[in-house]
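[1] My questions concern the predicted model and sequence given below.
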Amino acid sequence: MITFESVTKRYADGTVAVDGLSLEAPTGEITVFVGPSGCGKTTSLRMINRMIDPTEGRILLDGTDVTTIDPPTLRRGIGYVIQQAGLFPHRKIVDNVATVPFLLGWDKRKAKDRAMELLERVGLDPKLAQRYPFQLSGGQQQRVGVARALAADPPVLLMDEPFSAVDPIVRTSLQDELIRLQSELQKTIVFVTHDIDEAIKLGDRVAVLRVGGKLAQLADPRTLLSEPADDFVRDFLGRDRGIRRLQFVATDGLELSDPADTSLDVQDGRPVGWRRDSGELEPAGTFVPGRDSLRSALDAALLSPSGAAVAVDADGKVLGVVSRQALDKALSEVADG
Ligand SMILES: Nc1ncnc2c1ncn2[C@@H]1O[C@H](COP(=O)(O)OP(=O)(O)OP(=O)(O)O)[C@@H](O)[C@H]1O
């Protein structure tokens with residue numbers, strides 16, 4: 001666990017970048033620092049691995065004040081990923097990833113084996129290992145950056161806007177990959193972003209900071225969306241807060257009707273489309289109950305001319321149909337809190 005105890009950072013020119021910050025980043029969870037430009041996110045993050053030291057207050061790593069640990073020792077247990085990966089340009093990808101284990105005294109073979117294993121783990125083709133960073137796309141470089149940070153298997157990972165330099169599609173896949181990796185590795189992650197959607201998607205807890213380095217709210221994403229602490233947080237969350245809340249509402253309780261009672265065409269157990277009176281087929285939007293959120297179910301319904309959503313299992317086989325009335329009922333329960 002990482003604990004900030006009334007941490008303040010005042011730079012030499014008098015700028016107060018972080019002001020009395022107190023919070024905990026629990027072990028095995030992703031804590032996101034989010035806020036507008038200049039609110040002190042990077043400064044807060046860098047105080048954890050002592051790239052910057054606080055002016056006042058303390059940061060504890062599992063109960064030990066980080067300023068009592070010498071920086072090289074501290075950083076051995078802390079992986080660090082930055083925007084645009086920061087790879088060594090003149091080293092092959094495999095050597096970039098093997099750098100830290102090698103510095104820790106692993107033999108060359110073992111360090112390279114570890115690097116290859118990690119490249120695969122972050123979803124990269126092993127063939128890329130022999131290339132140089134400039135021969136990779138931005139998204140691939142970011143994956144290498146994550147692999148490199150994980151190389152020595154540190155319990156803590158600091159990530160500073162790691163995905164902001166790539167296009168939205170690559171960004172989504174990097175986020176999905178991080179969620180998958182985290183479910184396997186359960187690292188203590190502190191993740192900095194200025195993108196509230198990214199914060200809500202990735203964070204177990206989200207710390208919203210305001211300019212001047214003050215904590216505006218610390219909450220899980222669901223609470224943040226349903227109970228913003230003040231107007232600043234509400235404005236920062238932006239539009240569609242009501243709709244976005246639905247992504248945290250489960251769908252296992254939705255009432256399913258028998259597809260045979262509807263105009264859904266089913267072949268080999270799979271939905272083909274909604275059969276119109278004219279005989280034409282209209283697309284059928286689907287979702288997986290229990291896995292997908294009420295937002296996905298609503299989206300599926302809105303894609304269907306009938307207004308109903310088709311519930312399917314993980315293999316795409318029809319489980320039932322959620323009528324507009326059943327969705328209405330679920331939505332009104334959400335609105336009632
Ligand atoms: N070395 C420094 N000397 C003086 N002021 C600094 C220094 N580094 C950062 N600052 C100031 O401290 C404040 C917080 O900066 P910081 O980089 O932590 O913010 P941030 O939230 O990460 O911003 P961004 O999203 O734009 O990267 C800003 O006003 C910045 O100008």
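    The structure has been received and is ready for your questions. Residues are numbered from 1 along each chain as shown.
[2] List the residues that contact the closest residue to Gly123 other than its chain neighbours.
    Of all residues beyond its chain neighbours, the one nearest Gly123 is Glu177 (5.5 Å), with distances taken as CB to CB, 6 or more residues apart in numbering. Where you see a C-beta, it was placed from the backbone N, CA and C, and this is true even at glycine. The contact partners of Glu177, by CB atoms under 8 Å, 6 or more residues apart in numbering, come to 122-123, 143, 146.
[3] Going through the residues you listed, which ones are buried?
    122-123, 143, 146 (16 or more other CB atoms under 10 Å).
[4] which among the residues you listed gets closest to the ligand?
    Distance to the ligand, by CB to the nearest ligand atom, is smallest for Val146 among those, at 19.6 Å.
[5] Verify the stated contact: the closest one with Val81.
    Yes: taking contacts as CB atoms under 8 Å, Val146 lies within contact range of Val81: 5.7 Å.
[6] residues touching the residue nearest to the spatial centre of the chain, list them.
    Centroid check for the chain by CA atoms, centre = their mean gives Leu202 as the closest residue, at 2.3 Å. By CB under 8 Å, 6+ apart, the contact list for Leu202 reads 30, 32, 175, 178-179, 191, 193.
[7] The residue in the stretch 51-200 of the chain positioned nearest to the ligand and Ser278, how far apart?
    As assessed by CB to the nearest ligand atom, the ligand sits closest to His194 within the stretch 51-200 of the chain, at 4.8 Å. Using CB to CB, to the nearest Å, we find His194 at a distance of 50 Å from Ser278.
[8] Neighbour count for those two, which is higher?
    When His194 and Ser278 are compared on other CB atoms under 10 Å, the one with more neighbours turns out to be His194, at 17 against 6.
[9] which residues touch the more buried one?
    His194 sits in contact with 34-37, 41, 161, 164, where contact means CB under 8 Å, 6+ apart.
[10] Mind checking which of the residues you listed are buried?
    By 16+ other CB under 10 Å, these give 34-35, 41, 161 as buried.
[11] what subset of the residues you listed is also close to the ligand?
    35, 41 (CB under 6 Å from any ligand atom).
[12] Helices - which of the buried ones among the contacts of His194 land there?
    Counting by DSSP state H, the buried ones among the contacts of His194 place Lys41 in helices.
[13] Looking at the buried ones among the contacts of His194, which one is closest to Asp240?
    Of all those, Val34 has the smallest distance to Asp240: 16.7 Å, by CB to CB.
[14] Quick check: which element contains the closest residue to that closest one other than its chain neighbours?
    Computed as CB to CB, 6+ apart, the closest residue to Val34 that is not its neighbour in sequence is Ala199, at 4.0 Å. For Ala199, the host element (DSSP states H and E) is helix 196-202.
[15] Wondering if that helix reaches the ligand at all.
    No: figure legend: helix 196-202 not in contact with the ligand (CB under 6 Å from any ligand atom); closest approach 12.5 Å.
[16] Okay, now the unreliable bits of this protein?
    85, 337 (pLDDT under 70).
[17] try 80 this time
    84-86, 103-105, 165-168, 170, 239-242, 305-306, 335-337 (pLDDT under 80).
[18] Up against the ligand, what does it have?
    Within the chain, the positions lying close to the ligand (CB under 6 Å from any ligand atom) are 11, 13, 15, 17, 35, 37-43, 194.
[19] if we go to 5 Å?
    11, 15, 17, 37-43, 194 (CB under 5 Å from any ligand atom).
[20] okay, those in a markdown table with secondary structure next?
    Converted to a markdown table, those look like this (DSSP: H, G, I helix; E, B strand; the rest coil):
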| residue | secondary structure |
| --- | --- |
| Tyr11 | coil |
| Thr15 | coil |
| Ala17 | strand |
| Ser37 | coil |
| Gly38 | coil |
| Cys39 | coil |
| Gly40 | coil |
| Lys41 | helix |
| Thr42 | helix |
| Thr43 | helix |
| His194 | coil |
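[21] Among these, the buried ones, what's the PyMOL command?
    Applied in PyMOL, the following selects the buried portion of the residues of the chain next to the ligand according to 16+ other CB under 10 Å:
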select buried, resi 17+39+40+41+42+43+194
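[22] so which of the residues of the chain next to the ligand comes closest to Ser293?
    Checking the residues of the chain next to the ligand against Ser293 by CB to CB gives His194 as the nearest, at 24.4 Å.
[23] Buried residues of stretch 186-198, list them for me.
    So, applying 16+ other CB under 10 Å, buried residues of stretch 186-198: 187-194, 196, 198.
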